[in-house]
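Predicted model, plus sequence, below.
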Amino acid sequence: MAFSFFGGIHPKENKWYAENHPVHQFPEPDILVIPMSQHIGAPCQPLVKKGDTVTMGQKIGDNQGLCVPVHAPVSGTVKAVEMRPHTSGTMVLSVVIENDHQDTLCPDITPRTREEADKLTPEELMNIIREAGIVGMGGATFPTHVKLSSGLGKVDTVIVNVSECEPYIVADDRLCQEYPEDVIAGLEIVMKVLGLKEAHIALEDNKPKAKAALEKAMEGKPGILLDILPAKYPQGAEKQLIYAVTGREVPSGGLPAAVGCAVVNSATCKAISDAVYDGMPLIRRIVTVSGDIVMEPKNLMVPIGTSFNELLEAVGHRENPYKVLSGGPMMGAAQYDLAVPVIKGTNAVTILGQKNKFVVDNPKCIRCGKCVEVCPMHLMPVLIYKAMFTGDADEMLAVDLMDCIECGCCAYTCPAGVPLVLGFRAAKQRVRNAQAAAKK
Amino acid sequence: MAQMKYFYELTISSSPHAHAPVTTRTIMRDVVIALVPALLGSVYFFGFRALMVVLVSAAACVFFEWAWCKLMKTPSHAYDLSAVVTGVLLAFVCPVTVPYWCIIIGDFFAIILVKQLFGGVGRNIVNPALAARAFMFSWPVIMNTWVKAGFSNAAGLFSTADAVTAATPLAAMHQGQMPDASVMDLFIGNVGGSLGETSAILLLIGFGYLLIRKVVTPRIPLAFLGTVAVLTFLFPLGNDRLLWCAAQLCSGGVMLGALFMATDYVTSPVTKLGQIIFGFGCGVLTVVIRYFGGYNEGVSYAILVMNCCVVLLDRIGRPKKFGAPKKGVAKG
């Protein structure tokens, strides 16, 4: 009973670059940079200092409040605790670890048998998820234990997001093909925490192999339903996915829990399973390294903290890159410094060549209305763009600027090349600043 | 820094980093391509002068656009082909006998007064070609001389003295009579009328191309033509309802107007509901002017009037945002 959400686009998928490349272990780098902020919320305080030795999986940063800890992905020595460039474009306090290539495991890490795991209460499970540093791995990086605890008693439907609608990226596709049992096991833990008997796994119809693998792993588990959705961007956006699977509309400004839904990424599910059964915190993730100028696109199991430089070297590229993105071409963040590390939310590194250049000098809207037609939030980007130039916060709010999810459909479609999303991002910040100033 | 292995000139910008292979230029190019069948038809019906008028008009529009940008020292948009579309469309709504000086004045009016003075591409309120046509009715004799279709009657390239003039089917229909020409002739375009508007079938073929290329949606034309069809069918002036309705749809500027003028991006609504009301309004006004107006064609005025309502229609048609509170449900 899949619904199709309104609007959306069909960008060139370009998944063939990497989709048939199995996940490889990435040779562990010598130096890893672990940012203390890899999630939405308060950054961690480092628990180690320069010169300390750390073991693999050891907690090296934590904090109170909306926060999850970060762990050392390898064993070695702390070289520095200092500000380092981060994929968000800012400098973030990071722990720099020199790898000793011994992979000495942290003594706290103890695997659990199924029986032991089955005895755990939801509270204990949520604590394990928090201590393992698990966040939404689709890119939003919202702490998972907070999502689960705030959904307790409200959520009646949990959806595993395997839609992966961004071009080039196949990390979740490969994950579901190669670790379907782990995804299902993680989902069952989520269901247990939320006290649910039923769950949905939503994937787009362009992933037949992942579908087959999941179906096999789901055998004998009647509570889990597979929803095949027609491929369309932005299917993986939380609100659009919930609508596509359940027909429910998350209210403007509200959270999925308001309509009884929780969306969990498939990689997050695997991380939960790893944490509960193997006792392993989130220190590795699958990253698709692809792009139109990449020589050997790859899906790599990468330790958190690996620099983009190492990944670029691993795949090779034919020409000097035009842009290197953390994420895919629709919502990824362009990087200026390739020393930035892979973090928990980095599902892909996309390397684009010069032919992707599309810049229009002095663009002029021709009122074609295509942006209105594709906006999955049913907004009128053409109106918002006009309101932006007034600089008036009330006027911008009146055209629902704050409902924009920055999916990029409008800017992708705009024939005049108007930088709509760029403008909206700046305008949102201006509105937030104005609101903050009004409160004072 | 030991870790910095490569130095590339990386570009940073806001997402998205991908773009659809559609630009203003490709859209305008598609519209020009879509007008080619009708242009070929007009050469067949009215002779090579038709082609000449279209070329002169398009060239003049591009020149005025370029000259204005040069004069105002603004970045030139003369190469985005939107001026070509205006030029071709203006030629399409003039009689084939229109003197070249006259259409060049029309082009000046369309590009400078209607388009550039309001801010250039994307900013004009009314359709430049139709506004220029309305202005050119300052020379009513020129704009109301219709030649009979047929290559042998064709007007000369430089002299129009030999052309055989005739009344258009619309003139007869304005009197409440079925035209002399058969509905089939009207559909094919073998009748007197403006240069590019006579052939319904060729205009439809061109529009089909625009639909396939997803340049336009069929909402406005369907609402426009549907309204004209229903009104003329319900209130026929001829004997046969169906024939009267078909003749109304295929005669005059209805097809050209509904398919290519009312769908002009800049001067039509961007919202779905707005577009439907816009098409409906155009249809109603067309029939009202044809039935009750002093002049026998109403399409261009209908569209010009509706152009002025676009801002209002978009306000009415604004979609309900995703997740907006539903009406009638008490807030709990």
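Thanks, I have it.

Retrieve the pLDDT associated with B:P75.
Note on B:P75: pLDDT of 80.

That one belongs to a helix?
No - looking at B:P75 with DSSP: H, G, I helix; E, B strand; the rest coil, it is coil, so not inside a helix.

can I assume it is in contact with A:V360?
No - using Cβ atoms under 8 Å, B:P75 is not in contact with A:V360; the gap is 10.2 Å. Heads up, the C-betas are built off the backbone N, CA and C, glycines and all.

list the contacts for B:V215?
B:I27, B:D30, B:V31, B:A34 (Cβ atoms under 8 Å, 6 or more residues apart in numbering or on different chains).

and the third one, which of the three is it?
The three-state label given to B:V31 by three-state DSSP is helix.

What strand or helix carries A:I286?
strand A:284-290 (DSSP states H and E).

Contacts for that strand, please.
Applying Cβ under 8 Å, 6+ apart, the set of residues contacting strand A:284-290 is A:14, A:17-18, A:23, A:73, A:137, A:168-172, A:174-175, A:267, A:271, A:297-304, A:311-312, A:314-315, A:342, A:344, A:346-351.

In chain B, spot the helix with the most residues.
Identified as the longest helix of chain B according to DSSP state H is helix B:48-72.

List the contacts of the helix or strand following that helix.
As assigned by DSSP H and E, the chain's next helix or strand after helix B:48-72 is helix B:82-92. Outside helix B:82-92, the residues that touch it by Cβ under 8 Å, 6+ apart are A:366, B:24, B:28, B:31-32, B:35, B:38-39, B:42, B:53-54, B:56-62, B:64-65, B:103, B:106-107, B:110-111, B:115, B:121, B:128-129, B:132-133, B:194-197, B:256, B:260-261.

can you pull the buried residues of the lengthiest helix in chain A?
If you go by DSSP H, chain A has its longest helix at helix A:420-439. Of all the residues in helix A:420-439, those buried under the rule 16 or more other Cβ atoms under 10 Å in any protein chain shown are A:L420, A:V421, A:L422, A:G423, A:F424, A:A427, A:K428, A:R430, A:V431, A:A434.

Repeat that for stretch B:28-40.
B:M28, B:R29, B:D30, B:V31, B:V32, B:A34, B:L35, B:P37, B:A38, B:L39.

Same list, the residues you listed, but as TSV with distance to chain A please.
Listed next are the buried residues of stretch B:28-40 as TSV, based on distance: Cβ to the nearest Cβ, whole Å:
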residue	distance to chain A
B:M28	9
B:R29	11
B:D30	11
B:V31	11
B:V32	15
B:A34	15
B:L35	17
B:P37	23
B:A38	22
B:L39	23
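
a markdown table for those, including distance to A:G291?
Output for the buried residues of stretch B:28-40, formatted as a markdown table (distance: Cβ to Cβ, whole Å):
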| residue | distance to A:G291 |
| --- | --- |
| B:M28 | 32 |
| B:R29 | 30 |
| B:D30 | 30 |
| B:V31 | 35 |
| B:V32 | 36 |
| B:A34 | 36 |
| B:L35 | 40 |
| B:P37 | 42 |
| B:A38 | 45 |
| B:L39 | 44 |
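
Please identify which residue in the stretch 151-300 of chain B comes closest to chain A.
Going by Cβ to the nearest Cβ, chain A is nearest to B:V270 of the stretch 151-300 of chain B, at 3.2 Å.

rewinding a little: near chain B at all, the longest helix of chain A?
Yes - part of helix A:420-439 sits near chain B under the criterion Cβ under 8 Å from any Cβ of the partner chain, namely A:V421, A:L422, A:R425.

for the last one, what are its contacts?
Yep, that's A:R425 we're talking about. So A:R425 contacts A:E406, B:S14 (Cβ under 8 Å, 6+ apart).

From B:S14, how far out is it?
A:R425 sits 6 Å away from B:S14, going by Cβ to Cβ, to the nearest Å.

repeat for the first one
A:V421 sits at a distance of 6 Å from B:S14 (criterion: Cβ to Cβ).

same question, A:V302
26 Å.

more neighbours, these two?
Set A:V302 next to B:S14 and count neighbours by other Cβ atoms under 10 Å in any protein chain shown: A:V302 wins out with 27 against 18.

and the more buried one, helix, strand or coil?
Classification of A:V302 using three-state DSSP returns strand.

One more: the one 10 residues further on?
At A:L312 the chain is in helix, as set by three-state DSSP.

what's the burial count for it?
Look at A:L312: counted by other Cβ under 10 Å, it has 21 neighbours.

A:G220 now?
A:G220 has 5 nearby residues by other Cβ under 10 Å.

Next one: it relative to chain B, how far apart?
As judged by Cβ to the nearest Cβ, to the nearest Å, A:G220 and chain B stand 37 Å apart.

That residue belongs to a strand?
No - read with three-state DSSP, A:G220 is coil and lies in no strand.

how close does it get to A:T141?
Here the criterion is Cβ to Cβ. By it, A:G220 lies 33 Å from A:T141.

and if you look at A:P381?
26 Å.

Residue 291: what's it in contact with?
Reading this off chain A. A:Y17, A:Y168, A:P297, A:H317, A:P321, A:T350, A:I351, A:L352, A:G353.

let's do chain B instead
By Cβ under 8 Å, 6+ apart, the residues touching B:Y291 are B:F235, B:L237.

Please point out which parts of whatever helix or strand it lives in sit buried.
Using DSSP H and E, B:Y291 sits in helix B:272-292. If you call a residue buried by 16+ other Cβ under 10 Å, then helix B:272-292 has these buried ones: B:274-287, B:289-291.

ditto for stretch B:100-112
Within stretch B:100-112, the residues scored as buried using 16+ other Cβ under 10 Å are B:C102, B:I103, B:I104, B:I105, B:G106, B:D107, B:F108, B:F109, B:A110, B:I111, B:I112.
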